[in-house]
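Participant: Predicted model and sequence below, questions to follow.
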Amino acid sequence: MSKDNFILHDIFNIPLSKKEFEVAKKSYLKTLEENNYSIKNASNIYELINNIKRTPQKVGPYQNISVFEALNRIGSDLVLLSGATALFNNKLEGIKPEKIHLKMGTTHGFDFEVFLKNGKVVYGEAFNAAESFCKHKMRQAIHKLTANNAKEGIIFVNEAVKPVIEKYVNKKEYRSKTKIYKIYCGMVR
């Protein structure tokens with residue numbers, strides 16, 4: 001995702017302190033509240049699919065991408081916002097963020113980086129998935145976090161899939177030296 005697609009790129013392109021994050025979060029949520037996109041009437045299913053999956057639109061903080069892609073990104077972004085709020089509010093004992101860099105609008109690297117007050121950096125992944133896909137997304141996140149042999153990693157995941165994820169066992173997670181924290185995130189409003 002480029003600066004041309006994510007209109008809040010300049011706000012989220014740097015690590016944010018708690019105060020800066022709160023301002024950025026308000027800006028993000030404002031783009032959703034002021035969104036004027038609505039699904040257009042379609043004369044048949046093929047036209048509807050084309051409108052939703054292929055036609056570039058502006059939806060919330062995203063522009064020049066399909067509605068389908070924008071909604072997927074927004075779902076993940078809301079998990080990122082909720083997770084960062086939890087971290088700044090000391091949800092995880094021993095993880096005291098000075099700044100958090102949310103990689104919104106990007107598709108490479110880790111989804112976020114937590115810069116701790118002790119100078120260390122903890123990397124994280126975030127996703128908002130349906131029950132049918134959440135184990136796959138969790139497996140990908142765990143593998144990505146354990147591949148760098150970090151001491152710790154964090155995963156933000158949508159709260160709706162908590163019952164599935166709590167029963168999910170990943171051998172790589174248990175064999176790894178990386179301690180992975182999971183934060184279940186509701187929708188930020």
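Facilitator: Arrived safely, thanks for sending.
Participant: Could you measure from the residue lying farthest from the centre of the chain over to residue 62?
Facilitator: Distance from the C-alpha centroid of the chain, by CA atoms, centre = their mean, peaks at residue 43 (34.5 Å). In this view, residue 43 and residue 62 are 26 Å apart by CB to CB, to the nearest Å. Every residue, glycine included, has its C-beta placed from N, CA and C.
Participant: Residue 28 now?
Facilitator: For residue 28, the distance to residue 62 - CB to CB - is 11 Å.
Participant: Mind listing what's buried along the lowest-mean-pLDDT helix or strand in the chain?
Facilitator: The helix or strand of the chain with the poorest confidence is helix 171-175; it has a mean of 86 (mean pLDDT, DSSP states H and E). By neighbour count on 16 or more other CB atoms under 10 Å, the buried set for helix 171-175 is residue 173.
Participant: Which parts of the chain are helices?
Facilitator: Ranges of helices in the chain, per DSSP state H, are 9-12, 18-33, 45-53, 67-88, 131-147, 162-167, 171-175.
Participant: Could you identify which of those helices is most buried?
Facilitator: helix 67-88 (a mean of 21; mean count of other CB atoms under 10 Å).
Participant: Tell me how far it lies from the chain's centre.
Facilitator: Helix 67-88 sits 4 Å away from the centroid of its parent chain (CA atoms, centre = their mean, to the nearest Å).
Participant: Repeat that for stretch 3-20.
Facilitator: 13 Å.
Participant: same check, this time on stretch 54-71
Facilitator: 17 Å.
Participant: now swap in stretch 34-45 and tell me
Facilitator: Distance, centroid of stretch 34-45 to centroid of chain: 25 Å (CA atoms, centre = their mean).
Participant: which outside residues touch it?
Facilitator: Applying CB atoms under 8 Å, 6 or more residues apart in numbering, the contact partners of stretch 34-45 are 48, 51-52, 57-60, 67.
Participant: go again using 6 Å as the cut-off
Facilitator: 48, 51, 57, 59-60 (CB atoms under 6 Å, 6 or more residues apart in numbering).
Participant: so which of those would you say is closest to residue 124?
Facilitator: residue 60 (22.3 Å; CB to CB).
Participant: got the contact list for that closest one?
Facilitator: Shown in contact with residue 60 (CB under 6 Å, 6+ apart): 31-32, 35, 74.
Participant: 10 Å instead?
Facilitator: The contact partners of residue 60, taken as CB atoms under 10 Å, 6 or more residues apart in numbering, are 6-8, 28-35, 37, 70-71, 73-74, 77-78.
Participant: Residue 100 too?
Facilitator: 15-18, 20-21, 80, 83-85, 87-88, 112-115, 122, 124.
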